[in-house]
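In: take this sequence and fold it.
(one chain, ligands or ions: 1)
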Amino acid sequence: MRLFPVRLSNITKMLDMYSQFNPSPLSIKQFMDFGQNACEKKSFIFLRKELPVRLANIMKEIALLPDHLLNTQSVSQVSSWYVQSFEEVLEFEKAEPTHSNLEKFCNTLVHIRNRHSDVVQTMAQGVIEMKEHQGGPVDCGMESSIQYFLDRLYMSRISIRMLINQHTILFGQFPNEQGRHIGCLDPACQISSVVRDAYENARFLCDQYYLISPELEITEHNPHDKANNPIRTVYVPSHLYHMLFELFKNSMRAVVENNDQDKCEKLPPIKVLIAEGKEDICVKISDQGGGIPRSQTDQLFKYMYSTAPQPSKSDLHTVPLAGYGYGLPISRLYARYFHGDIVLLSCEGYGTDAIIYMKALSDEANELLPIFNKTSSKFYRATV
Ligand SMILES: CS(=O)(=O)N1CCC(Oc2ccc(-c3c(C(=O)NC[C@H]4CC[C@H](C(=O)O)CC4)noc3-c3cc(Cl)c(O)cc3O)cc2)CC1
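Out: Residues are numbered from 1 along each chain as shown. Here you go, the predicted structure:
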């Protein structure tokens, strides 16, 4: 994207200024407390500073990428989206919080969210362009710096979309159609319902492609609740759904492809345990899909996972359980975003357990945000 000198120097100056601030992480409790007595002016005042800070922090890292990645058409496109969005938010830097400006700000956030909707696919395309341009395999130093960068880019993107979604849902066109939800947060998210929802949708794809799918068994364990009511927590249901949908697709692919259906009438079921402790809420997905060697488990979290097919649009209908090679790493980012995690424990020859960890207490579920500083910059210099 060619920028005129005056515009370029202005952006550079503003980037340097805003990237000197550290992003301010919020906890799920803070999102909830604010949302219960939501004030649009306060949200506007906070976001017109916090959004440029988060944008500037990741834009400084985009600028540090190696030229043969940064100069690909796709990564240049992503970079220009960030520049445009950064400039659009800065137009409100000194604006009065009038009704008209608040409405314009909300519309701008919707526009920015839509502009960035294809960042993940476009970055995947950029990595492919870089590999094609290089003509050979990417060395492990380059792969680890790309892994480091993409983890931070997508975590930053998750956090920016969380802030935008909260503001546009709370103060947008339909503020009163939320029921008990506070923005995209559900204060009483029933985990087993999200599990069933994700399972049914993954099963639909599995049946479409393999004409068969494993059954689901759910067990809940909540030692603090004698009545053993369904376990609920304050969370973003769409984040939990994203993680579960990816993990169910992987389990179904392994179970169907690694069980000889001629020999056994039924496929072994996928078993899900939901457990609530004092510190963690865990969702364990256990399958008998044959497992993977311990030496290969880390590979599954790599954005450049070698066997992940790079589907064309048509492929996504014909090979539905495959992804762009980003399903698992991004699912782990969703878990880590609120200080949880996803862990894979595979027993080669038998099957795999995938465990989603979430914080049980909303005041411990703090955003985990990438911060641009000398340490992160050194990482790029060291491995490029
Ligand atoms: C980057 S991504 O997120 O987009 N994505 C990651 C996922 C990948 O697809 C998959 C899916 C399933 C599996 C798989 C196997 C399996 O396949 N075993 C048999 C091979 C074991 C190695 C063996 C070899 O040595 O090469 C060759 C056979 N066994 O256990 C699992 C499994 C994995 C996850 Cl993560 C899980 O949650 C549950 C599971 O049961 C592997 C790969 C698409 C790409």
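In: how about the helix or strand encompassing Ser145 and the ligand, touching?
Out: Using DSSP states H and E, Ser145 maps to helix 140-171. No. Remark: helix 140-171 sits outside contact range of the ligand, by C-beta under 6 Å from any ligand atom, the gap being at least 11.4 Å. From N, CA and C alone the C-beta is placed, and that goes for glycine too.
In: so after that helix, what's the next helix or strand?
Out: strand 186-190.
In: not counting sequence-adjacent ones, nearest residue to Pro175?
Out: The spatially closest residue to Pro175, leaving aside those adjacent along the chain, is Ile169, at 7.6 Å (C-beta to C-beta, 6 or more residues apart in numbering).
In: spit out the contact partners of the one you found.
Out: With contact taken as C-beta atoms under 8 Å, 6 or more residues apart in numbering, Ile169 is in contact with 175, 178, 181, 183-184.
In: out of the residues you listed, which are buried?
Out: 181, 183-184 (16 or more other C-beta atoms under 10 Å).
In: let me know the closest of these to the ligand.
Out: Nearest to the ligand among the buried ones among the contacts of Ile169: Cys184, at 23.3 Å, using C-beta to the nearest ligand atom.
In: the closest residue to that closest one other than its chain neighbours and the ligand: what is the separation?
Out: Leaving aside its sequence neighbours, Cys184 sits nearest to Asn165 (C-beta to C-beta, 6+ apart; 4.7 Å). As judged by C-beta to the nearest ligand atom, to the nearest Å, Asn165 and the ligand stand 24 Å apart.
In: likewise for Val272?
Out: Distance, Val272 to the ligand, using C-beta to the nearest ligand atom: 12 Å.
In: tell me the average confidence for the strand or helix carrying that residue?
Out: Using DSSP H and E, the element containing Val272 is strand 270-276. For strand 270-276, mean pLDDT is 98.
In: CA atoms only: put whichever helix or strand comes after it into PDB for me.
Out: Counting by DSSP H and E, the element after strand 270-276 in chain order, helix or strand, is strand 280-287. Output in PDB follows, covering the C-alpha atoms of strand 280-287 (Å, rounded to 0.1, in the frame of the first residue of the first chain):
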ATOM      1  CA  ASP A 280     -10.000 -24.800  36.900                       C
ATOM      2  CA  ILE A 281     -13.000 -25.900  34.900                       C
ATOM      3  CA  CYS A 282     -11.800 -28.700  32.600                       C
ATOM      4  CA  VAL A 283     -13.400 -30.200  29.500                       C
ATOM      5  CA  LYS A 284     -11.700 -33.500  28.500                       C
ATOM      6  CA  ILE A 285     -12.500 -35.000  25.100                       C
ATOM      7  CA  SER A 286     -11.300 -38.600  25.000                       C
ATOM      8  CA  ASP A 287     -11.300 -40.700  21.800                       C
END
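In: sheet-wise, list the partners of strand 280-287 with their directions.
Out: In the sheet, strand 280-287 lines up against strand 270-276 (antiparallel), strand 351-359 (antiparallel) (DSSP bridges).
In: can you put these in a markdown table and add mean neighbour count?
Out: Shown next, in a markdown table, are the strands paired with strand 280-287 (neighbours: other C-beta atoms under 10 Å):
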| stretch | mean neighbour count |
| --- | --- |
| strand 270-276 | 20 |
| strand 351-359 | 22 |
